[in-house]
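**Q** Sequence and computational prediction follow.
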Amino acid sequence: MRAPLKLSNGDIETTLTTAEGVTTTYLDHSSPDGSFTSTITGCGAGCATQYSRSADGLTVQKTHPDGTVLDFQYDYDPQYKTKYIKDMTVTTPAGLSMTAQAARSYTDTDSNGDPDQIQKTVTVNGGPPRL
């Protein structure tokens, strides 16, 4: 890995090279509002992946060189306060899409103040929930 290079506009360029000689470059930009974008190259001439994250960190979009777009919406786990993917959509260049939604809930079944039942539900393409 080459040391990250700070460009005159404030962007950061980081280049990684594997033992096999494959090089990937990240051109990262952090905005004053807290949002973040990155252009990731390394798959050939004119080939780049675009990554963006909202200021609150709860919305992410990644566009692959072939035009496939991944959209992620995060939420915070109500019990453990960690982020998890709440909604995900994958859209292909042909316009096909797949969506998945996740939910978490905690129940205190014995009324001792601690949740002892955790339910995680995933719904894919609007189908019936899967536990």
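**A** Happy to help now that I have it. Residues are numbered from 1 along each chain as shown.

**Q** okay, and for the protein, where does confidence drop off?
**A** Under the criterion of pLDDT under 70, the regions of the chain flagged as low confidence span 1, 130-131.

**Q** which strand is the longest one in it?
**A** Longest strand in the chain, counting residues (DSSP state E): strand 97-107.

**Q** residues contacting the spatially most central residue of the chain?
**A** Central residue check for the chain by CA atoms, centre = their mean: the C-alpha nearest the mean position is that of V60, 4.9 Å away. For V60, the contact set (CB atoms under 8 Å, 6 or more residues apart in numbering) comprises Y51, S52, R53, S54, L70, D71, F72, Y74. In short, each C-beta sits where N, CA and C put it, glycine included.

**Q** my guess is the fourth one meets T37, correct?
**A** No - when contacts are counted by CB atoms under 8 Å, S54 is not listed as touching T37 (10.6 Å).

**Q** the strands in the protein, which residues?
**A** Taking DSSP E as the criterion, the chain contains strands spanning 5-6, 12-17, 23-30, 36-41, 48-53, 59-63, 69-76, 83-91, 97-107, 117-124.

**Q** Using CSV, write out every CA atom in the third one.
**A** What follows is strand 23-30, C-alpha atoms only, in CSV (Å, rounded to 0.1, in the frame of the first residue of the first chain):
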residue,chain,number,x,y,z
THR,A,23,-3.7,-2.3,-8.3
THR,A,24,-6.8,-0.6,-6.9
THR,A,25,-7.0,3.1,-6.3
TYR,A,26,-9.5,4.9,-4.1
LEU,A,27,-10.2,8.6,-4.6
ASP,A,28,-12.1,9.6,-1.5
HIS,A,29,-14.0,12.9,-0.8
SER,A,30,-15.4,13.9,2.5
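
**Q** what about T59, neighbour count?
**A** 15 (other CB atoms under 10 Å).

**Q** Starting from A103, give me the distance back to it.
**A** In this structure, T59 and A103 are 18 Å apart, going by CB to CB, to the nearest Å.

**Q** now do S35
**A** 26 Å.

**Q** same check, this time on Y26
**A** Between Y26 and A103 the distance, using CB to CB, works out to 33 Å.

**Q** Okay then, goodbye and thanks.
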